[in-house]
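Engineer: with the sequence up front, the predicted model follows.
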Amino acid sequence: MTPFATQHLIEIAYLVATVLFILALKWLSAPSTARRGVWAGELGMVLAIAGTLLHHGIVDYRWIVIALVLGSIIGVPLGLVHMTAVPQRTALSHACGALCVALVGTAEYYLRSPSVPPFMMAVLSMEVILGSLTFTGSLMAAGKLQEILPQRPITYRGQNIVNLSLLALSVIVAAVLVHNPGHRHLFPLMIGIPLVFGVLMIVPIGGADMPTVISLLNSYAGLSAAAMGFVLDSKLLIIAGALDGSSGFILSVIMSKAMNRSFTNVLFGAFGQVQVSAAAGKESRPVRSATAEEAASILGAANSVVIVPGYGMAVAQAQHKVRELYDALTKRGVDVKFGIHPVAGRMPGHMNVLLAEADIPYDKLMDMDTINPEFPQTDVALVVGANDVTNPAARSDQSSPIYGMPILDVDKARTVMVIKRSMNPGFAGIDNELYYLDRTLMLFGDAKVFTGDIVRELTGGGHS
Amino acid sequence: MTSDLINSLYVFMLAGFIGFEVIRRVSPLLHTPLMSLTNALDAIAVVGAIVIAGEAKSTLSTVLGTIAIVAAMSNVVGGFLITDRMLRMFKSSKPKKS
């Protein structure tokens, strides 16, 4: 084939890949077509890579082949992690994506400088800055999620000023380079400063804010890839980067709304500021508690039950016991649904995956807006390992740090049951009014053990 | 040169709109697979890395390109694998009509 014909072939492969990528996301909109979406994405990816290998400029295939094989070998274990570890895996993959982009940007700069047109240099700077800060930022996020690094936010005076100055400094370096791309000695600064900034950006962010942070890093990774597309004049890359960027953007908006954070708050990464200011008044108020036997008889007599799972359920590895409870109640003709808060897991949609893994049918998993109007007609709301997302103070108490955060209205159900280890407050360190209501029964114990006990009572293990 | 960049900007803007409209329709149920899939698609950056590594224009660019391929390729394989694993778990309680 002539080089000209090959070039056309590559372009057509890229075009088809682009179509397949968009279809992949379209098919992902519903569970019934979602897997087809993955296949479309895979096919597009294979086409694009195969097309690229035909590129006439490639003179040496040795390193390419070694790298492709090595990358695939590393990718397999990353694709086989446990479902509870998906958030840190995702953060790690943002880091890998950003690393790739930053490295390619660096290589491009040293190949082309000093003759880089201003606009090109500006985009290249954006690519390298975003890529570098996303790389270290995502590594930090992965470390926090894996609990290698401390989860609690580390703050100090003037933190925002230090961070913003660093960011400003890297933009100034970029501006100098745009003006004169020949300043090669400045380029390492444009990588180094954002690398430091990425670390400092995540340091003040607490574990509870991780869903927002991951989405935001996702968006940055996409934007940096799109910038790379501008530099390489590759439409395919621009489109893939724009899709990823807008996906991350939408998810971070959803997450910030679910946490009641303003969007500027998210954009500047200045979250995690909900300090334990509301030092919970430590008077011990009376609560009603119940045994597994009592809980089972109430649940068994109910017509409708909504289970509200939180991350505590996953920590206790209780999702399979919860599935057994679902089975036992469904067999008795009880209508069981799950009410899932957007930030119930550690990344957007994480709780749904954990429940799906436990074989709970996805049509029983309801998002917050769907389930909230149903609570007043619900006989029993059973809260397993969730806390702040059920706190009625978010609706009524203006002095509460979580005031305004959308919550699941479990307190409107006829009976509320809360499985909880002790009366210790949750992530935000706030007392939960829900526990002191007359209609609330506290079920004290480990989520897995207690749920197992209820199931045994229901299935008539002892007496029925 | 400038018209190329303008073209690219148009492509970026249109793709952003498509992304926004398509992704807005994704059910919250599937937000985690969405993120892992867009991640895998984003690793299409590997095509840029392949060219850089293969052109062998300088030692630095070959080394950087090779590392970049490894990083991106781990995302491609890992991303598609985990997305498919997650989606396989989503089952309906209603019997399939077929």
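Structural biologist: Ah, there it is.
Engineer: residue in the stretch 201-350 of chain A nearest to chain B?
Structural biologist: Residue nearest to chain B within the stretch 201-350 of chain A (C-beta to the nearest C-beta): residue A:349, separated by 3.0 Å. C-beta coordinates here come from the backbone N, C-alpha and C atoms, glycine included.
Engineer: got the contact list for residue 35?
Structural biologist: Assuming you mean chain A. Counting by C-beta atoms under 8 Å, 6 or more residues apart in numbering or on different chains, residue A:35 touches B:84, B:87, B:88.
Engineer: wrong one, chain B
Structural biologist: A:90, A:214, A:215, A:218, A:247, A:248, A:251, A:347, A:348, A:349.
Engineer: for the residue of the stretch 201-350 of chain A closest to chain B, which residues are in contact?
Structural biologist: With C-beta under 8 Å, 6+ apart, residue A:349 has these contacts: B:28, B:29, B:30, B:31, B:32, B:33, B:34, B:35.
Engineer: 7 Å - rerun?
Structural biologist: Contacts for residue A:349 (C-beta atoms under 7 Å, 6 or more residues apart in numbering or on different chains) come out as B:28, B:29, B:30, B:31, B:32.
Engineer: any idea how far the residue at minimal distance from the centre of chain B lies from residue A:302?
Structural biologist: For chain B, residue B:41 is the residue whose C-alpha lies nearest the centre (C-alpha atoms, centre = their mean; 1.4 Å). With the distance defined as C-beta to C-beta, to the nearest Å, residue B:41 ends up 44 Å from residue A:302.
Engineer: and residue A:127, by the same measure?
Structural biologist: For residue A:127 relative to residue A:302 (C-beta to C-beta), the value is 57 Å.
Engineer: more neighbours: which of the two?
Structural biologist: residue A:127 (29 against 20; other C-beta atoms under 10 Å in any protein chain shown).
Engineer: report the separation between that one and residue A:227.
Structural biologist: 4 Å.
Engineer: ranges for the helices of chain B?
Structural biologist: Taking DSSP state H, the helices of chain B run over residues B:2-24, B:31-42, B:46-55, B:59-89.
Engineer: right, I mislabeled it, should have said the stretch 201-350 of chain A
Structural biologist: A:210-232, A:235-258, A:263-267, A:292-301, A:311-315, A:319-331, A:350-357 (DSSP state H, counting those that start in this stretch).
Engineer: just send those back as JSON lines, with mean neighbour count and mean pLDDT too.
Structural biologist: What follows is the helices of the stretch 201-350 of chain A, written out as JSON lines (neighbours: other C-beta atoms under 10 Å in any protein chain shown; pLDDT from 0 to 100):
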{"stretch": "helix A:210-232", "mean neighbour count": "28", "mean pLDDT": "92"}
{"stretch": "helix A:235-258", "mean neighbour count": "26", "mean pLDDT": "93"}
{"stretch": "helix A:263-267", "mean neighbour count": "15", "mean pLDDT": "61"}
{"stretch": "helix A:292-301", "mean neighbour count": "18", "mean pLDDT": "92"}
{"stretch": "helix A:311-315", "mean neighbour count": "22", "mean pLDDT": "86"}
{"stretch": "helix A:319-331", "mean neighbour count": "20", "mean pLDDT": "94"}
{"stretch": "helix A:350-357", "mean neighbour count": "26", "mean pLDDT": "94"}
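Engineer: need those helices in JSON lines with distance to residue A:22, can you?
Structural biologist: Formatted as JSON lines, those follow (distance: least, C-beta to C-beta, whole Å):
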{"stretch": "helix A:210-232", "distance to residue A:22": "14"}
{"stretch": "helix A:235-258", "distance to residue A:22": "7"}
{"stretch": "helix A:263-267", "distance to residue A:22": "26"}
{"stretch": "helix A:292-301", "distance to residue A:22": "46"}
{"stretch": "helix A:311-315", "distance to residue A:22": "33"}
{"stretch": "helix A:319-331", "distance to residue A:22": "34"}
{"stretch": "helix A:350-357", "distance to residue A:22": "24"}
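Engineer: so which of those helices comes closest to residue A:366?
Structural biologist: helix A:350-357 (10.2 Å; C-beta to C-beta).
Engineer: hmm, residue A:179 and residue A:121 touching each other?
Structural biologist: No - contact criterion C-beta atoms under 7 Å: residue A:121 and residue A:179 do not qualify, at 8.7 Å.
Engineer: and those two? which has more neighbours close in?
Structural biologist: Between residue A:121 and residue A:179, counted using other C-beta under 10 Å, residue A:121 has the larger neighbour count: 21 against 11.
Engineer: please name the residues that touch the more buried one.
Structural biologist: With C-beta under 7 Å, 6+ apart, residue A:121 has these contacts: A:177, A:178, A:181.
Engineer: so the last one is in which element?
Structural biologist: When elements are defined using DSSP states H and E, residue A:181 is found to belong to no helix and no strand.
Engineer: for it, list the residues it contacts.
Structural biologist: A:113, A:114, A:116, A:121.
Engineer: helix/strand/coil for the residue nearest to it when sequence neighbours are not counted?
Structural biologist: Nearest non-adjacent residue to residue A:181, counting by C-beta to C-beta, 6 or more residues apart in numbering or on different chains: residue A:116, 4.0 Å away. Here residue A:116 is recorded as coil under DSSP: H, G, I helix; E, B strand; the rest coil.
Engineer: what's the separation between residue A:116 and residue A:184?
Structural biologist: 11 Å.
Engineer: which one of the two has more residues nearby?
Structural biologist: More neighbours surround residue A:116 than the other of residue A:116 and residue A:184, with 22 against 12 (other C-beta under 10 Å).
Engineer: my read: residue A:289 touches residue A:444, true?
Structural biologist: Yes - counting by C-beta under 7 Å, residue A:289 touches residue A:444, with 5.8 Å between them.
Engineer: show the pLDDT at residue 8.
Structural biologist: This is for chain A. On pLDDT, residue A:8 comes in at 91.
Engineer: my question was about chain B
Structural biologist: Looking at residue B:8, the pLDDT reads 91.
Engineer: and the nearest residue to it once chain neighbours are set aside, how far from residue A:117?
Structural biologist: Once flanking residues are discounted, residue B:8 sits nearest to residue A:230: 5.3 Å by C-beta to C-beta, 6+ apart. Separation of residue A:230 from residue A:117 (C-beta to C-beta) stands at 12 Å.
Engineer: can you redo the contacts of residue B:35 as a markdown table with distance to residue A:195?
Structural biologist: Compiled in a markdown table, these are given as follows (distance: C-beta to C-beta, whole Å):
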| residue | distance to residue A:195 |
| --- | --- |
| A:90 | 21 |
| A:214 | 19 |
| A:215 | 21 |
| A:218 | 19 |
| A:247 | 25 |
| A:248 | 20 |
| A:251 | 25 |
| A:347 | 24 |
| A:348 | 26 |
| A:349 | 30 |
